[in-house]
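Peer 1: My questions are about this predicted structure, shown below with the sequence.
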Amino acid sequence: MDIKTLDKAICGEIWTSSETWQNLLYLCDACGHRFVGSPGYRQAADYVAAKFAAYGLEKVALEPFAARGWQRGLAQITLLGSAPRTVPCIALPYCVPCDTQLELINLGYGTPEEIAKHKDEIAGKAALVMNGMPPDDKRYIHRMEKYMRAQEAGAAAFLFIDNNPGYLPITGGLPEKGAHIPGVGLTYEEGQGLVRLVQTGDKPRIRLQVESATEPVTSWNVVGELPGTDLADEIVIVGGHLDSHDLCAGATDNASGMALVLEAARALGMQKGLLRRTLRFIGFGVEELGLIGSDAYVAAHAAELPKIQFMLNLDVTGANIANALALHGCPELIPYFQDAAKEMAYDLAITSAFHPYSDHFAFVMSGVPAGSLGHTGGPPRQGYAHTPADTVDKVVPLELKISAMVAARLLLHVAQADAWQGTHKTQTQVRELVTQSPFADALRFEGRWKWSDEDEKKA
């Protein structure tokens with residue numbers, strides 16, 4: 001069957017079905033939050049595996065891997081002085097327990113420049129740091145980098161402030177390794193109140209109390225595949241993370257992306273026996289605490305990495321209409337996907353932009369060509385992610401359906417391509433990509449730089 005006929009069949013199936021939305025509702029409303037080690041995550045993993053099997057996928061399995069679980073307890077800031085009061089906060093995952101009194105210091109957005117400006121004042125203080133970046137800043141700085149920079153500068157605590165009004169406390173994992181000072185999340189409103197106190201010059205002090213615990217747990221990546229025909233040894237992977245934070249069900253981040261993985265599996269599964277390359281579908285675990293599941297997957301499947309032609313990552317993809325594809329340092333693939341988008345009669349912004357903050361990263365670091373499907377052309381509705389408000393009502397069913405069609409159609413084109421242009425990078429090429437990206441220093445600060453000093457000297 002020619003690709004145009006297959007494409008129309010896939011579009012018609014997705015457009016006339018409510019399955020994408022029903023899967024999203026189950027992941028959010030039935031499973032609840034899907035934090036590492038939670039019953040909700042295991043329920044969601046079992047559900048995805050059952051759906052994979054029902055959609056005709058083969059070799060369906062829950063692949064276990066070891067992780068470090070974390071449980072929150074009390075987290076509280078008490079403003080000391082003549083008018084003491086309690087300031088609500090939440091512990092960030094992997095936060096260490098503490099009960100300490102500290103002076104506050106405001107580090108703005110926690111950029112290297114802002115930290116350097118206050119380098120002689122930071123030691124022993126609780127650093128107030130805003131999420132996001134100044135409007136004119138050159139690059140995005142992740143929460144983990146901000147934390148590690150503040151810690152290295154001598155801060156004794158990290159107070160992370162949401163950058164969106166609405167009285168929503170923000171969460172987000174701290175580095176799994178190397179996180180030694182407590183870190184808590186605050187609402188925009190409470191955080192700005194503390195910033196104003198610092199600006200008075202009265203050197204406000206707080207008491208920070210956090211109770212938390214960590215323990216080894218088992219988590220799972222959920223895997224299933226559609227075997228190919230004449231190019232069955234060539235594998236195309238599509239994945240998204242199944243876990244969420246524990247504040248809510250994580251509807252946009254990332255039940256939406258996982259619903260797209262499921263719908264692509266369903267629609268393409270109806271074409272079983274007609275797809276040239278093998279398609280493998282994965283729900284990754286423990287993405288939110290450091291991409292742990294995808295790292296475990298790549299390590300466990302190292303022997304077959306040379307067979308993987310492309311990895312498509314769907315993270316927060318269903319939060320908006322998917323209309324952008326970032327190819328993570330693979331400019332040679334831009335013409336191919338431009339042609340595919342033209343054949344699909346769909347406007348798709350395609351770049352070779354790279355970032356290291358989702359499950360594609362482990363594949364990129366192994367040299368596998370990878371892309372992330374997302375949104376551009378307007379303000380993304382992602383301000384609710386990592387807050388208690390990341391709920392089902394933030395997802396638009398029609399946009400979810402359109403995004404599912406885009407993902408499935410792109411996978412179809414890669415599966416059927418006569419002349420696939422993707423090539424694996426050597427480790428020298430991978431190191432060059434990362435070194436020349438804006439994230440080289442970030443990866444070093446976050447403890448995710450994989451090359452030794454000796455490797456650097458050889459390079």
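Peer 2: On my side now, so go ahead. Numbers count the residues shown, from 1 in each chain.

Peer 1: Just give me the neighbour total for residue 304.
Peer 2: Residue 304 has 11 neighbours, counted by other Cβ atoms under 10 Å. No exception for glycine: its C-beta is placed from N, CA and C like everyone else's.

Peer 1: State the distance from it to residue 113.
Peer 2: Distance of residue 304 to residue 113, given as Cβ to Cβ, to the nearest Å: 44 Å.

Peer 1: And residue 309, by the same measure?
Peer 2: In this view, residue 309 and residue 113 are 41 Å apart by Cβ to Cβ.

Peer 1: And residue 19, by the same measure?
Peer 2: Using Cβ to Cβ, one gets 49 Å for the distance from residue 19 to residue 113.

Peer 1: give me every residue that touches the closest residue to residue 55 other than its chain neighbours.
Peer 2: The shortest distance from residue 55 to any non-neighbouring residue, by Cβ to Cβ, 6 or more residues apart in numbering, is to residue 269 (4.0 Å). Residue 269 sits next to 55-57, 226 when contact means Cβ atoms under 8 Å, 6 or more residues apart in numbering.

Peer 1: repeat for residue 351
Peer 2: Counting by Cβ under 8 Å, 6+ apart, residue 351 touches 324-327, 334.

Peer 1: thinking again about what came up before, in terms of neighbours, single out the busier of residue 309 and residue 113.
Peer 2: Using other Cβ under 10 Å, the more surrounded residue of residue 309 and residue 113 is residue 309, with 23 against 11.

Peer 1: got the CA positions of whichever strand or helix holds residue 264 in PDB?
Peer 2: Residue 264 belongs to helix 256-269 when assigned by DSSP states H and E. Coordinates of the C-alpha atoms in helix 256-269 are reproduced here as PDB (Å, rounded to 0.1, in the frame of the first residue of the first chain):
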ATOM      1  CA  SER A 256      -0.500  14.500  27.000                       C
ATOM      2  CA  GLY A 257       2.700  13.200  25.400                       C
ATOM      3  CA  MET A 258       2.000   9.700  26.600                       C
ATOM      4  CA  ALA A 259      -1.500   9.800  25.100                       C
ATOM      5  CA  LEU A 260       0.100  10.700  21.800                       C
ATOM      6  CA  VAL A 261       2.400   7.700  22.100                       C
ATOM      7  CA  LEU A 262      -0.600   5.400  22.700                       C
ATOM      8  CA  GLU A 263      -2.600   6.900  19.800                       C
ATOM      9  CA  ALA A 264       0.300   6.500  17.400                       C
ATOM     10  CA  ALA A 265       0.600   2.900  18.500                       C
ATOM     11  CA  ARG A 266      -3.200   2.300  18.000                       C
ATOM     12  CA  ALA A 267      -3.400   4.000  14.500                       C
ATOM     13  CA  LEU A 268      -0.200   2.500  13.200                       C
ATOM     14  CA  GLY A 269      -1.000  -0.800  14.800                       C
END
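
Peer 1: mean confidence for it?
Peer 2: The pLDDT scores in helix 256-269 average 98.

Peer 1: follow-up on the earlier one: what would the contacts of residue 351 look like in TSV with secondary structure and pLDDT?
Peer 2: Output for these, formatted as TSV (DSSP: H, G, I helix; E, B strand; the rest coil; pLDDT from 0 to 100):
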residue	secondary structure	pLDDT
324	strand	97
325	strand	98
326	strand	98
327	coil	98
334	helix	98
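
Peer 1: Among the residues you listed, which one is most surrounded by other residues?
Peer 2: Neighbour-wise, the contacts of residue 351 (other Cβ under 10 Å) top out at residue 325, 25 neighbours.

Peer 1: on that earlier part again, what's the closest of the contacts of residue 351 to residue 274?
Peer 2: residue 325 (24.1 Å; Cβ to Cβ).

Peer 1: doesn't residue 348 make contact with the closest one?
Peer 2: Yes. Between residue 325 and residue 348 there is a contact at 5.8 Å, judged by Cβ atoms under 8 Å.

Peer 1: quick one: common contacting residues for these two?
Peer 2: With Cβ under 8 Å, 6+ apart, residue 325 and residue 348 have common neighbours residue 337.

Peer 1: give me every residue that touches the closest residue to residue 197 other than its chain neighbours.
Peer 2: Spatial nearest neighbour of residue 197, excluding adjacent residues (Cβ to Cβ, 6+ apart): residue 204 at 4.4 Å. If you count contacts by Cβ under 8 Å, 6+ apart, residue 204 has them with 79-81, 103-104, 194, 197-198.

Peer 1: and if you look at residue 113?
Peer 2: With contact set as Cβ under 8 Å, 6+ apart, residue 113 has no partners.

Peer 1: and it, helix, strand or coil?
Peer 2: The three-state label given to residue 113 by DSSP: H, G, I helix; E, B strand; the rest coil is helix.

Peer 1: hey, where'd the helices end up in the stretch 51-200 of the chain?
Peer 2: Under the criterion DSSP state H, counting those that start in this stretch, the stretch 51-200 of the chain contains helices at 112-117, 143-152, 188-199.

Peer 1: Quick check: the gap between the residue lying closest to residue 390 once chain neighbours are set aside and residue 357.
Peer 2: Excluding its sequence neighbours, the residue lying closest to residue 390 (Cβ to Cβ, 6+ apart) is residue 384, at 4.6 Å. Using Cβ to Cβ, residue 384 is found at 18 Å from residue 357.

Peer 1: Between the two, which is the more surrounded one?
Peer 2: Set residue 384 next to residue 357 and count neighbours by other Cβ under 10 Å: residue 384 wins out with 21 against 18.

Peer 1: Model confidence for the more buried one, exactly?
Peer 2: Residue 384 carries a pLDDT score of 91 in this model.

Peer 1: thinking again about what came up before, from the contacts of residue 204, pick the one nearest residue 93.
Peer 2: Ranked by distance to residue 93 (Cβ to Cβ), the contacts of residue 204 are led by residue 194 at 21.8 Å.

Peer 1: And that closest one, what's its pLDDT?
Peer 2: Listed pLDDT for residue 194 reads 97.

Peer 1: Surely it and residue 186 touch.
Peer 2: Yes. Using Cβ under 8 Å, residue 194 makes contact with residue 186 at a distance of 7.5 Å.

Peer 1: Between those two, which contacts overlap?
Peer 2: Taking Cβ under 8 Å, 6+ apart as the contact rule, residue 194 and residue 186 both touch 87, 159.

Peer 1: Looking at these two, which has the bigger crowd around it?
Peer 2: Set residue 194 next to residue 186 and count neighbours by other Cβ under 10 Å: residue 186 wins out with 25 against 21.

Peer 1: How about the contacts made by that one?
Peer 2: Taking Cβ under 8 Å, 6+ apart, we find residue 186 in contact with 77, 87-89, 159-162, 169-170, 194.

Peer 1: Among these, which one sits closest to residue 403?
Peer 2: Nearest to residue 403 among these is residue 170, at 25.1 Å by Cβ to Cβ.

Peer 1: check contacts around the closest one.
Peer 2: Going by Cβ under 8 Å, 6+ apart, residue 170 touches 131, 160-162, 185-187, 386-387.

Peer 1: Tabulate those (a markdown table), appending distance to residue 441.
Peer 2: Formatted as a markdown table, the contacts of residue 170 follow (distance: Cβ to Cβ, whole Å):
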| residue | distance to residue 441 |
| --- | --- |
| 131 | 19 |
| 160 | 20 |
| 161 | 23 |
| 162 | 25 |
| 185 | 24 |
| 186 | 26 |
| 187 | 30 |
| 386 | 23 |
| 387 | 28 |
